[in-house]
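[1] Model the structure of this input:
(4 chains)
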Amino acid sequence: MTQTILTITDNRLLAPGVFRMRLAGLTPEEEIRPGQFVQLQIPGHFLRRPISVCDAEYGVLTLIYKAVGEGTRILAGMRPGETLDVLAGLGNGYDLSRAGAAPVLVGGGVGIPPLYYLAKKLLRAGVTPRVLLGFNRSDEIFYEDEFAALGAAVTVVTLDGNAGEKGFVTEHLPADLTCFYACGPLPMLKALCRATDVPGQLSLEERMGCGFGACMGCSIQTAEGPKRVCKEGPVFEREVLGW
Amino acid sequence: MTQTILTITDNRLLAPGVFRMRLAGLTPEEEIRPGQFVQLQIPGHFLRRPISVCDAEYGVLTLIYKAVGEGTRILAGMRPGETLDVLAGLGNGYDLSRAGAAPVLVGGGVGIPPLYYLAKKLLRAGVTPRVLLGFNRSDEIFYEDEFAALGAAVTVVTLDGNAGEKGFVTEHLPADLTCFYACGPLPMLKALCRATDVPGQLSLEERMGCGFGACMGCSIQTAEGPKRVCKEGPVFEREVLGW
Amino acid sequence: MVNTSVDLCGIRLDNPVIPASGTFGYGYEFAEHYDINILGTFSFKGTTPEPRFGNPTPRIAECPGGMLNAVGLQNPGVERVISEELPKLRRVFHKPVMANISGFSVEDYVTSAARLDKEDCVGWLEINISCPNVHGGGMSFGTDPGTAAEVTRAVKAVTRKPVIVKLTPNVTDIVSIARACEEAGADGLSLINTLLGMRIDLKTRRPLLANTTGGLSGPAVFPIALRMVWQVSHAVGIPVIGLGGICSARDVLEMMMAGAVAVEVGTANLISPTACRDIILDLPRVMKEYGIESLEELK
Amino acid sequence: MVNTSVDLCGIRLDNPVIPASGTFGYGYEFAEHYDINILGTFSFKGTTPEPRFGNPTPRIAECPGGMLNAVGLQNPGVERVISEELPKLRRVFHKPVMANISGFSVEDYVTSAARLDKEDCVGWLEINISCPNVHGGGMSFGTDPGTAAEVTRAVKAVTRKPVIVKLTPNVTDIVSIARACEEAGADGLSLINTLLGMRIDLKTRRPLLANTTGGLSGPAVFPIALRMVWQVSHAVGIPVIGLGGICSARDVLEMMMAGAVAVEVGTANLISPTACRDIILDLPRVMKEYGIESLEELK
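    Below is the predicted model:
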């Protein structure tokens, strides 16, 4: 974990309410693993905002976020050239060593971004993941092309069926998966664990204070006792959660 | 009084710790009188900062301020193109109708700025004021040339005598003055009232809440009862103060 | 069309926004900026029987997210309030106004209340038993259930107008004070007054305020105010006005969700003279955003 | 060279900066960022006799200039603190540390105090009678002079280490609690713990925190903390540690001018993990700016 000042180079709308921000200035020591997150200090706000890392290579940090509250709305209004105080490299990240031959990445809505960086790293390790991207409506779709451009096999699933497959992501899991990596709304994560028995790693969300293990603000009960989502998580093996 | 957003066009050092800021965007309705002040909303600070008006013509507001506290230090770091939320046209201002034939303007340190706008208006009304500018040291001198360029007769007085006349401004008052207009440290204002019996208007400073008469934070006792420095002042006739 | 109107002790307000006493004078400074008849009502500067200058200056100090004040109840006294201020007030404000009353003895409160009870333009009496900036009165009435009840009862005996008691947050158990006021006949409660705070000047190493301590207000105190409004409104049957750091229409909704039937806006008026107008104009939009048809459904 | 060292109950600190309990764990998360031996000392996570998970989430809510927390004393219990946490702590921190103790009964405090009294690395016991986020204990001990004194006396009977009692600001008269603790034998006092606050989610119209209320901390509370430290340090003869919203070296000086002999820094650690280091490194520069040669001259 490092505290650093990064410069916004890009900040644009990807889908209704969903923005992608790029920040330059990460140094090589600040190696970031897929599934980790950053904490952004937003002007005029006291607590930092945790945002999952969508990509972090060549010194450029890519974040995709939804403008829902006051803080993220201010973020959406920031322009290239402005700077942000960033705590980078937070949390454990996904464990790539347990991918097996046929991992499936399952993302729902704004849970999708960390899977992009994960797909990139898996492909670089010689594993081609299949990717399931779930959205409520077709106009919410983002990053389908970006995943495809990496060389991953992408399936988009929408609840309204106006694009890709119709229904829930859990209805479109391939039969031969060796494990899954997931990030998305809690009901999706739980449905996923009910739908398959293969090993799985799930990224959780929780309201955080510090984001680096000091305040115990984001503790959850697990099969192995209390865990901090920001420190022992945000990624948990399904057995640890008992799901 | 109006609330408006102005754009910084210039912000530069005049003397050690003393800055001049110019802001564009005043509209013609926002007529500002000499001796009035503005309240600036400084980013990250709750209360506004009162600053006297040094000039306000052609839509451009000129302010001269000393960077002493956190707020004014932030102000000193602001750059052209940035904007400030400004309450303009606060306070009563100097009464030009009582100038007589030979008014003297007496300023001390950062009390000098409002006298510049006053000198300009007096000259435009056909009265040539004499101007006494007091500083502690010669390196603190600012705006001597600007007053001279207006056509006023300027005398600089320094305590250390390294520039202009040596001593206190009160020791260099002309004998034939018809009235004085003053702004500066309290001891200077009081010494001035002891030094001469002619009519005088004095601009006072006080810690303020709102700056427009609502909170009673800056009330003083006067010969005519309680007065708000921000509303009935900041300029008071010497008789009102009983000095 | 959403419905912003609310009932305050039997008097209908067009909206729940009430500038708080001591931040709005007698209204006419603000009437230069907007038509203040847009307000639900407003609470005018705290009134004592005799004229008061208040504390020496400095009376104001800045704080993170707020300010301290130690004005100390400057006002021209109840007779001049009635003879000089209220006529000017009536020229710019045509709705019932809230008269704020302070004192140093039960008799002080009774004297002002009896006088202001006769004024037609006064809709409510707000009894300030919570001013932290005066000695031997003010807040000391509001930190004990017994004295709070005594003032309430005495004022109720001399007026037929609704009596709203303004409570201090500087207590261990605000609910016990609130209940005591209710039992003594209060028609409503307003809370919170300011929290006692202090700043020191690093250069002089002495308190920034001439009065040493002052009352903290502004957004900094909002969560404390919200908690106390929640506790009190769940414990009493009379209406509660919520105040403390409200700056936006969202803050208004949050305070009403905590149980307030109306809100007072104080310090925000000092930062922006049009703060209350801006909140009122924004309220319908924010209500729609959260699917609120009528403010009274938040009860 | 300015002198930043201070005395805290007979133990010399290199500087007065002490990370506050609950914001610094057992130190080793922060030791990844800087050598925490630069600190005066630190107060580790509040300890109870039995392990506690604390309250359900959400436990955190943002506020203007601060935050609410309702963690509820999550800790592994005194035995595992001693067997697992203190050995790790000693590897990264080589000065006397402050052990923070909480409880739900006088016996709880006594149990933990007696156990931690035996640990050489513990320099002081900080007795938290002011946690607002647990029910039937915590803060309730700190709102009454009698119970505050009772806990103090009981803890003093089982330890020879200096006992510092941590006070709550959620009271009418903090001075009376402080005096009661002093008379019961406390060697020092630390104040203030958090102020009870609350936020509501406008979408759900329900409290944001699972625990309904939480403790407010951060710069928002600084003026309240400063006032209470001023009041208490003028009323008692034992040392006072000042805390509440301290974020900068200037805040440290202001708190010491109010009468504190040392300060705790809490919430600032959560926003910037190097906050305490940055304050300590800045302290000599700011002392020079205000002509302070030695912090002990501020007494």
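
[2] Neighbours of the one residue in the stretch 151-299 of chain C that gets nearest to chain B, how many?
    Shortest the stretch 151-299 of chain C-to-chain B distance, computed as CB to the nearest CB: residue-wise this is C:L270, at 3.8 Å. All C-beta atoms are positioned from the backbone trio N, CA, C, and that covers glycine. Residues contacting C:L270 under the criterion other CB atoms under 10 Å in any protein chain shown number 28.

[3] Next, the contact list for it, please.
    C:L270 makes contact with B:L47, B:G209, B:C210, B:A214, B:C215, C:T23, C:M67 under the criterion CB atoms under 8 Å, 6 or more residues apart in numbering or on different chains.

[4] how many other residues sit next to the closest residue to it other than its chain neighbours?
    The spatially closest residue to C:L270, leaving aside those adjacent along the chain, is B:C210, at 3.8 Å (CB to CB, 6 or more residues apart in numbering or on different chains). Other residues near B:C210 come to 29 when the count uses other CB under 10 Å.

[5] where does B:C210 land in three-state SS?
    Of the three states, B:C210 takes coil under DSSP: H, G, I helix; E, B strand; the rest coil.

[6] OK, contacts around it?
    With contact set as CB under 8 Å, 6+ apart, B:C210 has these partners: B:Q39, B:R48, B:G217, B:C230, C:T23, C:N269, C:L270, C:I271, C:P273.

[7] next one: A:L105
    A:L115, A:L118, A:A119, A:P129, A:R130, A:V131, A:L132, A:A152, A:F180, A:Y181, A:A182.

[8] tell me what the helix or strand harbouring C:C276 is packed against?
    Taking DSSP states H and E as the criterion, the element that holds C:C276 is helix C:275-289. Counting contacts by 3 or more CB pairs under 8 Å, 6 or more residues apart in numbering or on different chains; DSSP states H and E, the secondary-structure elements packed against helix C:275-289 are strand C:17-19, helix C:249-257, strand C:262-265, helix C:268-271.

[9] pull the longest strand from chain C.
    Ranked by residue count and defined by DSSP state E, the top strand of chain C is strand C:122-128.

[10] got the contact list for the nearest residue in space to A:R48 that is not next to it in sequence?
    The shortest distance from A:R48 to any residue other than its chain neighbours is 3.7 Å, reached at A:Q39 (CB to CB, 6+ apart). Residues in contact with A:Q39, defined by CB under 8 Å, 6+ apart, are A:R48, A:R49, A:P50, A:I51, A:V86, A:L87, A:L90, A:M208, A:C210, A:G211, A:F212.

[11] A:Q39 bridge partners, please.
    Under DSSP bridges, the beta-bridge partners of A:Q39 are A:P50, A:L87.

[12] Model confidence score at it, please.
    At A:Q39 the predicted local distance difference test score is 97.

[13] What's the local residue count around residue 88?
    Since you didn't name a chain, this refers to chain A. Neighbour count for A:A88, taken as other CB under 10 Å: 23.

[14] wait, I meant chain C there
    Applying other CB under 10 Å, I find that C:K88 has 14 neighbouring residues.

[15] Strands of the stretch 51-200 of chain C, residue ranges please.
    Using DSSP state E, counting those that start in this stretch, the strands of the stretch 51-200 of chain C run over C:60-63, C:66-69, C:97-101, C:122-128, C:163-166, C:188-191, C:195-197, C:200-201.

[16] After the longest helix anywhere in chain A, which helix or strand is next?
    Once chain A is assigned using DSSP state H, the helix that runs over the most residues is helix A:113-124. On the C-terminal side of helix A:113-124, the nearest following helix or strand under DSSP H and E is strand A:130-135.

[17] now the angle between helix A:113-124 and that following strand, please.
    For strand A:130-135 against helix A:113-124, the angle between stretch directions is 170 degrees (axes from the mean of the first three to the mean of the last three CA atoms, to 10 degrees).

[18] buried ones in the helix or strand that strand A:130-135 is followed by?
    Next helix or strand after strand A:130-135 toward the C-terminus (DSSP H and E): helix A:144-150. Buried residues in helix A:144-150, counting neighbours by 16 or more other CB atoms under 10 Å in any protein chain shown, are found at A:E144, A:E146, A:F147, A:L150.
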